[in-house]
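Chemist: the following comprises the amino acid sequence and a computationally predicted model.
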Amino acid sequence: MSIALQKVTTMGCPCYAVSEATLEQQLLHFVEQNIAGYSVAINAEKIHKYNTSTSLRQVIDDSVYPYPDGAGAVLALKWLHGLSAEKINMPIRVLEIANKYKLSVFVVGAKAETHQQAVNIIRERYTDINIVGTLHGYHSEAEIVTAVQATKPQLIMIAMGSPKQELFAHKLIQQTGFGFAVGCGGALDIIAGKLKRAPEFFIHNNLEWLYRLVQEPWRWKRQLFLPIFFIKLIGLKLRHHLFNK
């Protein structure tokens, strides 16, 4: 399978316009072509840190699939580039695609109890996934790399929170040279019932960040830059509109 992926630079940060209609084909492209790499969920925070963090910038630049994940990235793609994109529940869609095509998967992340509960539910819910290995998130990076090297999965699901999972995915793929790694954030906690995902209203109205903030108030410091980000985005949109009439 061969596909054309057009990468744009939005507010300085590379990103693809991804939708439900394109995701499956794009994911299978990486797997079937044996492209070793990893995805990065691009949101307002990542765009901000891309311009302020050298280490995260390198990780995003080296990723093969930076995709929009949040209102900031989706709106930036639409307003500044005229591209339609969607916020996709990537971990669940990856599980669904892996189940459909019987792909081999390694699951890593979360606390031991939560991890085991989530893996049990995944096994029950997605019976055609070939789960070749699982490790909770409190194993050392060396142990995880060794286990992945031994099992050679097609997909590696890493639920360590951001940006830790992206930084680790970068190291993992560099050391193993195979597989496609997908950051899963709190997906295992949600699958295990420890956290609730935002209702559809919040998701479709670009308010999922607010729902998560209510559930996890400690995130408030991470949200302080959002007003500045959106003021900058609106300013760029107005400039784009004025100079492209």
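Modeler: Looks like it came in fine.
Chemist: what residues are up against residue 77?
Modeler: Contact partners of residue 77, counting by C-beta atoms under 8 Å, 6 or more residues apart in numbering, are 8, 10, 15, 17, 68, 83, 84, 85. C-betas here are computed from N, CA, C, even on glycine.
Chemist: check residue 225 too.
Modeler: 44, 45, 48.
Chemist: same thing but 7 Å
Modeler: Residues near residue 225 by C-beta atoms under 7 Å, 6 or more residues apart in numbering: residue 48.
Chemist: residue 49 versus that one, what's the distance?
Modeler: To residue 49, residue 225 is 9 Å away according to C-beta to C-beta, to the nearest Å.
Chemist: what residues of whatever helix or strand residue 22 lives in count as buried?
Modeler: Residue 22 belongs to helix 20-32 when elements are defined using DSSP states H and E. Within helix 20-32, the residues that count as buried by 16 or more other C-beta atoms under 10 Å are 22, 23, 26, 27, 28, 29, 30, 31.
Chemist: what does that helix contact?
Modeler: By C-beta under 7 Å, 6+ apart, helix 20-32 touches 1, 3, 5, 37, 64-65, 86, 88, 93-94, 97, 101, 103, 154-155, 180.
Chemist: in ChimeraX, select just the buried ones from those residues.
Modeler: Listed next is the ChimeraX selection for buried residues among the contacts of helix 20-32, using 16+ other C-beta under 10 Å:
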select :37,64,65,86,88,94,97,103,154,155,180
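Chemist: so which of the contacts of helix 20-32 belong to helices?
Modeler: Those of the contacts of helix 20-32 mapping onto helices are 93, 94, 97, per DSSP state H.
Chemist: wasn't residue 185 part of a helix?
Modeler: No. Under DSSP: H, G, I helix; E, B strand; the rest coil, residue 185 falls outside any helix and is assigned coil.
Chemist: thanks a lot, see you next time.
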